[in-house]
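Peer 1: need coordinates for the below:
(one chain, ligands or ions: 1)
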Amino acid sequence: MEDLILVTGGAGFIGSNFILQWIASEPARILNLDKLTYAGNLNNLRAVESHPRYRFERGDIVDREFLRNLLGREQPRAIVHFAAESHVDRSIHGPDDFVRTNVNGTFSLIEEARAYWLALPEVDRAGFRFLHVSTDEVYGSLGPNDPAFSETTPYRPNSPYSASKAASDHLVRACHHTYNLPVLTTNCSNNYGPHQFPEKLIPLMILNACAGKPLPVYGDGKNVRDWLYVEDHCRAIRTVLSQGRVGETYNIGGRSEKRNLEIVGAVCDLLDELRPNDWTRAKSSTNSTGVRWRHLRAASARRSAGILNTKIGSVMSPAAAIANGWRNITPPSSEPVS
Ligand SMILES: NC(=O)c1ccc[n+]([C@@H]2O[C@H](COP(=O)([O-])OP(=O)(O)OC[C@H]3O[C@@H](n4cnc5c(N)ncnc54)[C@H](O)[C@@H]3O)[C@@H](O)[C@H]2O)c1
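Peer 2: Model (predicted):
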């Protein structure tokens, strides 16, 4: 077995941050397997594209023959599985791709990983890990006074996206309990940071504000979510990969619950400071706050937050780092979305 980690979905937002952090901090090589959907962007990885410990391979996790050949040829000691369709709104308008990639793709990957793992010499089999990256959205939403999500919170997915992730979590769990595949699962809250596709709240707000466009906010803007800086998340995944107990699930949160309006307000404050001229244009093109409401998903005062890191210890920055995290975001180069 090689000192190689296979990462799926490494050209996306979290996967690319994970690879950049890994190459900077760990000795093992990385093979990045990605289909390059609309969400995959190899520019995210420009800093490591010719690094001797990094390689890219284009492929689809649904394709079992491709996976079989890849695993047999490359002999990874772990798989870190990020590849997914990840945008809730897209799942509402077109759930098929979510079932295809998140459910069927994860199933293909664990089946091929299982066959590969079973054929390994015993000493290598003991060290192999399959780490499945999932979301706290599988737990549904919380009332204002409910306790935070924990690893024992029952699954109550509310969107096609979260239902497809819940299904993949169950398949991964079952593969461990039925066949002993050494799996680890992480469920994290909302990530933010560099290289996020500008359909998600924070990059969308930054790009629209800089372009003088309205800032669309769902419902009444009072939805509460927990915000996790992507580099903290990647550090947590590395911790789980090296120290996690096989078969366990680990929640990863930022301990930073915010209303969407607070997020937009904080982004506006930062833009006032960092890009004052652009942001003045944004404000004058909309109403007095610069925020325009969008009623795509009517969900008033929904709380999908408060995730507890009950098992993982402290690899997070303090919650106060949220504003500093935003300072590290280079706005993506894509056109703003309205
Ligand atoms: N972004 C968040 O806030 C968040 C929160 C919780 C959990 N997650 C989970 O973390 C993981 C990564 O999320 P992200 O935000 O980086 O997603 P993303 O949409 O930015 O990236 C997904 C990547 O997967 C690739 N991909 C999609 N379908 C594929 C397929 N069939 N085969 C191979 N590659 C494929 C895409 O090309 C892309 O590079 C996902 O599993 C997601 O469910 C994300």
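Peer 1: do you know the pLDDT at Ala305?
Peer 2: Here, the pLDDT recorded for Ala305 equals 51.
Peer 1: nearest to the ligand within the protein, name that residue for me.
Peer 2: Checking the chain residue by residue against the ligand with CB to the nearest ligand atom singles out Gly12 as nearest, at 2.0 Å. Where you see a C-beta, it was placed from the backbone N, CA and C, and this is true even at glycine.
Peer 1: surely Leu131 is in contact with Val80?
Peer 2: Yes - shown here, Leu131 and Val80 form a contact pair, counting by CB atoms under 8 Å, at 4.8 Å.
Peer 1: quick check: the residue of the chain closest to the ligand vs Leu274, distance?
Peer 2: Counting by CB to CB, to the nearest Å, the gap from Gly12 to Leu274 is 26 Å.
Peer 1: same check, this time on Thr239
Peer 2: Where Leu274 is concerned, Thr239 sits at a distance of 32 Å (CB to CB).
Peer 1: neighbour count for these two, which is higher?
Peer 2: Thr239 (17 against 13; other CB atoms under 10 Å).
Peer 1: state the pLDDT value of that one.
Peer 2: What the model reports for Thr239 is a pLDDT of 93.
Peer 1: just checking, next helix/strand downstream of the helix or strand it falls within?
Peer 2: Of the helices and strands defined by DSSP states H and E, Thr239 is found in helix 230-243. Proceeding C-terminally, helix 230-243 gives way to strand 249-252 as the next helix or strand, assigned by DSSP H and E.
Peer 1: now find how far off-centre whichever helix or strand comes after that next one is within its chain.
Peer 2: Tracing the chain C-terminally past strand 249-252 and defining elements by DSSP H and E, one meets strand 257-259 next. The offset between the C-alpha centroid of strand 257-259 and the centroid of the whole chain comes to 18 Å, using CA atoms, centre = their mean, to the nearest Å.
Peer 1: can you list the buried residues in the helix or strand following strand 257-259?
Peer 2: Once strand 257-259 ends, the next helix or strand along the chain (criterion: DSSP H and E) is helix 260-274. Along helix 260-274, these residues count as buried under the neighbour rule (16 or more other CB atoms under 10 Å): 260, 263-268, 270-271.
Peer 1: sorry, back to before: return every residue with contacts to both of Leu131 and Val80.
Peer 2: Where contact means CB atoms under 8 Å, 6 or more residues apart in numbering, the residues bridging Leu131 and Val80 through contact with each are 237, 241.
Peer 1: which one's more surrounded, the two?
Peer 2: Neighbours of Leu131 and Val80, each counted by other CB under 10 Å, are more numerous for Val80; the result is 28 against 23.
Peer 1: do you know how far the more buried one is from Arg29?
Peer 2: Distance of Val80 to Arg29, computed by CB to CB: 13 Å.
Peer 1: surely Leu31 is in a strand?
Peer 2: Yes - if the criterion is DSSP: H, G, I helix; E, B strand; the rest coil, then Leu31 is within a strand.
Peer 1: helix or strand next in line after the top helix by length along the chain, which one?
Peer 2: When every helix of the chain is counted residue by residue (DSSP state H), the longest turns out to be helix 160-179. Per DSSP H and E, helix 160-179 leads on to strand 183-188 as the next helix or strand towards the C-terminus.
Peer 1: could you pull up the mean pLDDT of stretch 74-86?
Peer 2: For stretch 74-86, the mean pLDDT works out to 98.
Peer 1: my error: substitute stretch 161-168 in the last question.
Peer 2: The pLDDT scores in stretch 161-168 average 98.
Peer 1: the longest helix of the chain vs the ligand: in contact?
Peer 2: Yes - using CB under 6 Å from any ligand atom, a contact is recorded between helix 160-179 and the ligand, made by Lys165.
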